[in-house]
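>>> Sequence and predicted structure are below.
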Amino acid sequence: GDSVTQMEGPVTLSEEAFLTINCTYTATGYPSLFWYVQYPGEGLQLLLKATKADDKGSNKGFEATYRKETTSFHLEKGSVQVSDSAVYFCARQGGKLIFGQGTELSVKP
Amino acid sequence: EAGVVQSPRYKIIEKKQPVAFWCNPISGHNTLYWYLQNLGQGPELLIRYENEEAVDDSQLPKDRFSAERLKGVDSTLKIQPAELGDSAVYLCASSSGLAGGPPYNEQFFGPGTRLTVL
């Protein structure tokens, strides 16, 4: 069945470091792709999305590009902050929304 | 605008006891979802409602889980009897419009109910 695979965490970075969280998805149909973020004690929030191949989603300094040829949607940020510490979920939607297992990010000052 | 409201936020029960979770979606959202999130995992869909109709309940363990969405607004998810393995976070989400082809309507999530079964 359809699935999403993320790089395992936890990921620990120093403030202002470059962030990449890898995500790959099954290519059935024409899914939309999402990154959600879950801050401690809060619900899931949509961070960014891309609805078709080569689209780039961006928000709060985060970016991800829908790569159909590699079935990937990697999340990047050029300079992370302590406030970015959270769990990040990659998801695909072709009808049903299917999540990866999540990647915990911890940013140290 | 108020977000998705869930209650209670935390619940601790003994195994074999019943438990219920309540969700009030964003006003005007006619699609409502219940998800199960196990520790260290992503959410998994349990049931999706379009208005008052359950249109996808294929992942709902119907021997012990039940859900209802009377009048197509708020919803209740029930477990009876609860088992140790039901300890998890139960998330509710809502979206506007009806599910169909892309572009898909954004789902807005509530804070979840953390269930602990002892």
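Sure, I can see it.
>>> contacts and neighbour counts: CA atoms only from here.
Noted.
>>> For the residue of chain B found nearest chain A, list the residues it contacts.
Relative to chain A, the nearest point of chain B is residue B:111 (3.9 Å; CA to the nearest CA). When contacts are counted by CA atoms under 8 Å, 6 or more residues apart in numbering or on different chains, residue B:111 touches A:41, A:42, A:43, A:44, B:4, B:5, B:6, B:9, B:91, B:92.
>>> Can you add neighbour count, secondary structure and pLDDT and give those residues back as CSV?
Below are those laid out as CSV (neighbours: other CA atoms under 10 Å in any protein chain shown; DSSP: H, G, I helix; E, B strand; the rest coil; pLDDT from 0 to 100):
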residue, neighbour count, secondary structure, pLDDT
A:41, 9, coil, 81
A:42, 13, coil, 85
A:43, 19, coil, 86
A:44, 24, strand, 92
B:4, 23, coil, 95
B:5, 19, strand, 95
B:6, 23, strand, 96
B:9, 15, coil, 95
B:91, 26, strand, 97
B:92, 33, strand, 97
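>>> now, among those residues, which is nearest to residue B:32?
Ranked by distance to residue B:32 (CA to CA), these are led by residue B:92 at 7.2 Å.
>>> so what's that closest one up against?
B:4, B:6, B:23, B:25, B:32, B:33, B:34, B:35, B:109, B:110, B:111, B:112.
>>> Skipping adjacent residues, who's closest to the fourth one in space?
Take residue B:25 and drop its neighbours on the chain: the residue closest to it by CA to CA, 6 or more residues apart in numbering or on different chains is residue B:4, 4.7 Å away.
>>> What parts of chain A come near chain B?
A:31-32, A:41-46, A:51, A:89, A:93-102 (CA under 8 Å from any CA of the partner chain).
>>> Is the residue most central in space within chain B in a helix, a strand, or coil?
Centre of chain B computed as the mean C-alpha position; nearest residue by CA atoms, centre = their mean is residue B:34, 2.4 Å away. When classified by DSSP: H, G, I helix; E, B strand; the rest coil, residue B:34 comes out as strand.
>>> and it, what are its bridge partners?
residue B:47, residue B:92 (DSSP bridges).
>>> how close does it sit to residue B:94?
As defined by CA to CA, to the nearest Å, residue B:34 lies at a distance of 9 Å from residue B:94.
>>> so where's the longest strand in chain A?
For chain A, the strand that runs over the most residues, judged by DSSP state E, is strand A:86-94.
>>> For that one, which helices and strands make contact with it?
The contact analysis (3 or more CA pairs under 8 Å, 6 or more residues apart in numbering or on different chains; DSSP states H and E) places strand A:86-94 against strand A:4-6, strand A:32-38, strand A:96-99, strand A:103-108.
>>> Which positions within the second one qualify as buried?
What it means is strand A:32-38. A:32, A:33, A:34, A:35, A:36, A:37, A:38 (16 or more other CA atoms under 10 Å in any protein chain shown).
>>> The helix or strand just after it pairs with which strands?
Where DSSP states H and E defines the elements, the next helix or strand beyond strand A:32-38 is strand A:44-50. Here strand A:44-50 is paired, per DSSP bridges, with strand A:32-38 (antiparallel).
>>> which residues are contacting the strand it pairs with?
Strand A:32-38 is contacted from outside by A:44-52, A:66, A:73, A:75, A:86-94, B:102-104, using CA under 8 Å, 6+ apart.
>>> Thanks again, I'm all set now.
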